[in-house]
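Q: got a sequence here, can you model it:
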Amino acid sequence: MTSSPRRHVDRAEVEASIRDLLGEGEQTARQYAGVTAGTAGAIGFLTLVFAFLVGRRKGRRRSAVVEIRSR
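A: Numbers count the residues shown, from 1 in each chain. Predicted coordinates:
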């Protein structure tokens, strides 16, 4: 194994490379932010509708039939 000569890495170089990496991630996140929010809203709405329908069905099965007769 050959070792390459070591060089001093400046703080500015590290900061620049981190900024480049985070910048790409931020651009991607901003690009899909609207789509993600819309999808999350739709999934939340569908979950509420599903819970409502399941609860409604369960209530129908458990409720007693009461007959009221007038004399």
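
Q: where exactly do the helices run in this protein?
A: 11-62 (DSSP state H).

Q: measure the residue nearest the centre of the chain to residue 32 for me?
A: Nearest residue to the geometric centre of the chain (Cα atoms, centre = their mean): residue 40, 5.9 Å. Distance from residue 40 to residue 32, counting by Cβ to Cβ, to the nearest Å: 12 Å. Any C-beta I mention is one placed from the backbone N, CA and C, and that applies to glycine too.

Q: ok, now residue 70?
A: Residue 70 sits 64 Å away from residue 32, taking Cβ to Cβ as the criterion.

Q: distance from the chain centre to stretch 28-36, please.
A: Taking Cα atoms, centre = their mean, to the nearest Å, one finds the center of stretch 28-36 at 11 Å from the center of the full chain.

Q: mind checking the pLDDT average for it?
A: Over the span of stretch 28-36, the pLDDT mean works out to 83.

Q: just the CA trace of that stretch, in CSV.
A: Provided in CSV are the C-alpha atoms of stretch 28-36 (Å, rounded to 0.1, in the frame of the first residue of the first chain):
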residue,chain,number,x,y,z
THR,A,28,-34.5,18.6,-3.5
ALA,A,29,-36.5,19.0,-0.3
ARG,A,30,-37.9,22.3,-1.6
GLN,A,31,-38.7,20.8,-4.9
TYR,A,32,-40.9,18.1,-3.4
ALA,A,33,-42.3,20.0,-0.4
GLY,A,34,-45.6,20.8,-2.1
VAL,A,35,-46.1,17.3,-3.3
THR,A,36,-45.3,15.9,0.1
